[in-house]
Every structure is written in C-alpha cells, then in structure tokens.
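Student: Any chance you could fold what I've pasted below:
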Amino acid sequence: MQKFFIPNDNIDKNTAIIKGQDARHIAKVLRMCIKDKILFTNGKGIDFSSTITKLSPKEIALTIDNTYSSEVESPVKITVFQGMLKDKKMDTLIRHLTELGISAWTPFFCERSIPKPDEKRVDSRLKRWEKITIEALKQCNRSIIPEINKPATFTDIIEKTAPFDLKITFWENASLPINKLKLQQKNIETIGILIGPEGGFSKKEVDFAENAGFQVCGLGPRILRAETASLTACSLIQHYFGDI
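Tutor: The predicted structure follows:
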C-alpha cells in the first residue's frame, strides 16, 4: 500500500486531512473511493492506517483506524555533512540519501567548494531539499523525515560533531577500509559522515577533521565522483552498523 505524509497540524485525534497534490493524486490518478484504506505517516516515526470518509481532488478526509510506531527506520542515526555540490547533484543526492535512511543532512562550504550563493538562493534551495525528502520518504516507505540543515562552514560543522558515537571522514587519499575502524564502544547509535565537494578535501582540512576525532577512511583504489562517494559511504555505514 502506498504511504502518504500528513503533518501533525492536519491530524486531530482520530481524524486527518490530506490536501494539495496528494489529494488530487488520490482522487484523480489512483481513483480511490470512500471506505478505501490509506496508510500515512506524520514524518516523526508514527504510522497510521485510516479509512477515507470524504473525497474530492482538493481534500481527503480520513478516519484513523490504528496507530503504530514505524519498523522501517535504521537502527543508527546517520548525519551526512556534505561539501556543497552543484544544484542538480545536491537534489539527486538528498533524494537517494533519504532512501538509504539518513537522519540528518548538513551541506557546508570548504576550500574547494563552489562559490557561496546569496541568502535568498540558500533559502529556496532548503525548501526544495525539504520537498524532495518528503517525496522520497513516501516513495521508500520511511516514517521519519530527515532533518535538513542550513549550509555551514567547514569549521562550524567540525565544532558541532562532538556528540557523535562515531565520526568518519571519507577521503580519496586514505587507505583505511571501513571494517578497520577503531570503535570506542560496542553500541554505535549516532554516526557523522564527512564528505567533500567535487574537488575533494585539502590535506589541511583532513588533518583538522582528524584532530577533532574523525577517522579518515578510503572508498577503494578508484577515484569516485563526489555524489557517488556519498552514496557509497552511506551504503557501507548501513551495511556495517545499520539495516542493509
């Protein structure tokens, strides 16, 4: 059954409302009817099974039949710190990272990043990324919307990563494989991943991250594109610590 997203503002006790494009999709494309069942999430980890009670292309009214905690989220909370890439690459990347199960995403600017856009441009990109995560969430059956953070500087994000159980910088010149990481504890729950932009990290930046507690890992002998490196790194993390 296809899953939909309904924000908590549109959920009230045992009823819920679907508006906008999803309402039109249900009525006109899926051609659902009154008494048909709808599965939806609030994006906070709670899923709902419901029944359609009123239907139009503008608004779908639902009666909630059952509420339960999601069982599809990853057991590890992965935060990806991504060196800023060109627009379309970032759009595609956040969609696929959402599918892989990340918990949060923070783009940043470093030495080899593209020029920093103005504040208005940044705000529009944030809104677009948030919309993409919701679309991906519905497609891949997730129940928690990843947190999308404003772009930061390299120094700022390094200073904010102290609480993570495990911190990894992936760098093309590193040789340490992920299965050789030094683990300070058995139960890893929060992981911070640092990935560079198209031009990669400078040696100075890698040293700075390493001094802040990041372990520096490689992704094999071949040079990967920045977006490929991010997806590969997350897939490996989910394989070793998560649910892939």
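
Student: those helices in this structure, which residues are they?
Tutor: Assigned by DSSP state H, the chain shows helices spanning 20-24, 87-100, 119-140, 154-159, 203-211, 226-241.

Student: Tell me the bridge partners for the nearest residue in space to residue 50 that is not next to it in sequence.
Tutor: Leaving aside its chain neighbours, residue 50 sits nearest to residue 62 (4.0 Å; criterion: Cβ to Cβ, 6 or more residues apart in numbering). To be clear about C-beta, it is placed using only N, CA and C from the backbone, and glycine gets the same treatment. With DSSP bridges applied, residue 62 shows beta-bridge pairing to residue 16, residue 52.

Student: burial of residue 141, as a residue count?
Tutor: As a burial measure, residue 141 scores 15 neighbours (other Cβ atoms under 10 Å).

Student: what domains does the record give for the protein?
Tutor: Listed by automatic domain parsing, the domain ranges of the chain are 3-69, 77-241.

Student: low pLDDT regions in this structure?
Tutor: 115, 117 (pLDDT under 70).

Student: Who are the contact partners of the residue nearest to residue 50?
Tutor: Residues near residue 62 by Cβ atoms under 8 Å, 6 or more residues apart in numbering: 15-18, 38, 40, 50-53.

Student: quick check, nearest of those to residue 149?
Tutor: Taking Cβ to Cβ as the measure, residue 149 lies nearest residue 40 of the contacts of residue 62, at 25.6 Å.

Student: Am I right that the closest one is in contact with residue 5?
Tutor: Yes - contact criterion Cβ atoms under 8 Å: residue 40 and residue 5 qualify, at 6.6 Å.
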